[in-house]
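> Got a sequence here, can you model it:
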Amino acid sequence: MDELTQRARSWRIGLIGYGEVGRIVAEDLRALGLQHVLAWDAKLAGQASLAQPLREHAGAHGVRLADGAAGLARESDLVISAVTASQAVAVAAECAPALRAGGWFVDFNSASPGAKAQAATVVEASGARYVEAAVMTSVPPYRSKVPMLLGGPHALEFAPAMQALGFAGARFGDRRLGIVSATKMCRSVMIKGLEAMVIESFSAARAYGVEDAVLASLAETFPGIDWEKQGAYFFQRVIEHGRRRSEEMREVARTVEEAGLQPWSAAGTAERQAWMADLAGQGVFGRRGALGFARSADWRVEADRLLQAAREARDVADKD
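Purely as a prediction, here's the structure:
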């Protein structure tokens, strides 16, 4: 075990973004025995109803809340950024002046290779070391052991330290900055696109009363997928995380554009995800707790709500 890996367990670790991913990482770091785990989230400076559940979670798990991103960076040996894609560069820029020389900044955010390059530039200018982390699948089932690719000039050196901190799925991807993010972004064209297609297909099928025939046909073509279960999962993940997913898909579209292609699929997926997020924000899907919600086992319940919301929107448009 090298010196860096040995020191990792004694680091002060700061988490920027105390949403689902940030809370899971905080819980796992504390369970591993790390004493100094700090967190900051913009919600902490906002409405009390949004901040209070985060404060309660931090208190329950021994996580100290910082007074801002710069304050967190000033105290941390390792900063993990897990915010929405649109804030990835801004957070790096906010932290940069306060980062410790020789410290580490790990970017978990689902941003384009171009955005990662911008974030790396401001972090490296401060004397800290930047590592991009492409999280390759949904975090909750795996928690901190989620598969992820580490990229950039410092990634190979840093990979063993990440594993020592409980990120068992972390592995070196590429020394070139942006390559592992490109891998994730291209995967997201398929994965997030499939979510959007399932929501659109299943809801339209429900409107016509042909959902059972559609699912039977899908099961015949793709016999390895339980489409009832997969449909319920996709609906609920987008209801809960549509805003974050829509921002990621705009970064995916940017990635596709950087490759010289028109991002028709990615752009459409971003719109569908944002639409779902708007409906969730309006309470179309019922009350949800700030830290989660009861997932319906039947996607039809949510499809009916979508269709009702669409009908109401058409009625309003017709009256105007």
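> mind showing which ranges of the stretch 151-300 of the chain have poor pLDDT?
In the predicted model, the stretch 151-300 of the chain carries pLDDT under 70 at residues 286-296.
> That one: helices as residue ranges?
Taking DSSP state H, counting those that start in this stretch as the criterion, the stretch 151-300 of the chain carries its helices at 155-164, 179-208, 211-221, 227-258, 264-281, 299-319.
> Please name whichever of these is nearest to A128.
Nearest to A128, of all these, is helix 155-164, at 12.0 Å by CB to CB. C-betas here are computed from N, CA, C, even on glycine.
> Which neighbouring elements make contact with that closest one?
The contact analysis (3 or more CB pairs under 8 Å, 6 or more residues apart in numbering; DSSP states H and E) places helix 155-164 against helix 3-8, strand 104-107, strand 129-135, strand 148-151, strand 170-174.
> again, 6 Å this time
Contacts defined by 3 or more CB pairs under 6 Å, 6 or more residues apart in numbering; DSSP states H and E place helix 155-164 against helix 3-8, strand 170-174.
> deepest of the ones you listed, which one?
Across these, averaging neighbours per residue (mean count of other CB atoms under 10 Å) puts strand 170-174 on top, at a mean of 20.
> Contacts for that one, please.
M148, L149, L150, G151, A155, L156, A159, M162, Q163, V180 (CB atoms under 6 Å, 6 or more residues apart in numbering).
> Could you identify which of those has the most neighbours?
Counting neighbours by other CB atoms under 10 Å, G151 leads the contacts of strand 170-174 with 30 neighbours.
> Leaving out chain neighbours, which residue sits closest to that residue?
Closest residue in space to G151, ignoring its immediate chain neighbours: V180 at 3.6 Å, by CB to CB, 6 or more residues apart in numbering.
> do you know how far that neighbour is from A133?
To A133, V180 is 8 Å away according to CB to CB, to the nearest Å.
> next one: L65
The spacing between L65 and A133, counted by CB to CB, is 23 Å.
> Between those two, which has more neighbouring residues?
Taking other CB under 10 Å, L65 and A133 do not tie; A133 has more neighbours (28 against 17).
> ok, what's across the strand from that one?
L150 (DSSP bridges).
> And it, how far from L218?
Note on A133: its distance to L218, by CB to CB, is 34 Å.
> same thing with R250?
For R250, the distance to L218 - CB to CB - is 28 Å.
> So between the two, which is more surrounded?
R250 (22 against 17).
> how about the nearest residue to the more buried one, chain neighbours excluded?
R250's closest residue in space is A270 (CB to CB, 6+ apart), at 5.0 Å.
> now the helices and strands packed on helix 155-164 as a markdown table including distance to V89?
Formatted as a markdown table, those follow (distance: least, CB to CB, whole Å):
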| stretch | distance to V89 |
| --- | --- |
| helix 3-8 | 26 |
| strand 170-174 | 21 |
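> Which one, of those, ends up nearest to V79?
Closest among the helices and strands packed on helix 155-164, using CB to CB: helix 3-8, at 13.7 Å.
> domains of this protein?
In terms of domains, the chain is parsed into 3-175, 181-319 (source: automatic domain parsing).
> Tell me which of those sits most buried.
Neighbour counts (mean count of other CB under 10 Å) averaged over each of those peak at domain 3-175, with a mean of 20.
> Just the endpoints, please. Distance across that one?
Start-to-end span of domain 3-175 (CA to CA, to the nearest Å) is 21 Å.
> what's next to stretch 227-245, contact-wise?
Outside stretch 227-245, the residues that touch it by CB under 6 Å, 6+ apart are 84, 192, 195, 198, 202, 215, 218-219, 273, 276-277, 280, 285, 295, 297, 299, 302.
> 8 Å instead?
19-20, 84-85, 138, 192, 194-196, 198-199, 202, 215, 218-219, 273-277, 279-281, 285, 288, 292-293, 295-299, 302-303 (CB atoms under 8 Å, 6 or more residues apart in numbering).
> Likewise for stretch 268-282?
189, 192-193, 195-196, 199-200, 238-240, 242-243, 245-247, 249-250, 252-253, 285, 288, 305-306, 309.
> make it 7 Å
Outside stretch 268-282, the residues that touch it by CB atoms under 7 Å, 6 or more residues apart in numbering are 192-193, 196, 199-200, 238-239, 242-243, 245-246, 249-250, 253, 285, 306, 309.
> same check, this time on stretch 109-117
With CB under 7 Å, 6+ apart, stretch 109-117 has contacts from 81-83, 85, 88-89, 107, 132, 177-178, 181-182, 184-185, 248, 251, 254-255, 258.
> Same check on stretch 153-161?
Contact with stretch 153-161 is made by 2, 4-5, 8, 104, 129, 131, 150, 170-173, 175, as judged by CB under 7 Å, 6+ apart.
> let's go with 6 Å and repeat that
The contact list for stretch 153-161, computed with CB under 6 Å, 6+ apart, reads L4, T5, A8, R129, V131, L150, F172, R175.
> Farthest pair within these?
Maximum distance among those (CB to CB): 20.7 Å, for A8 and R175.
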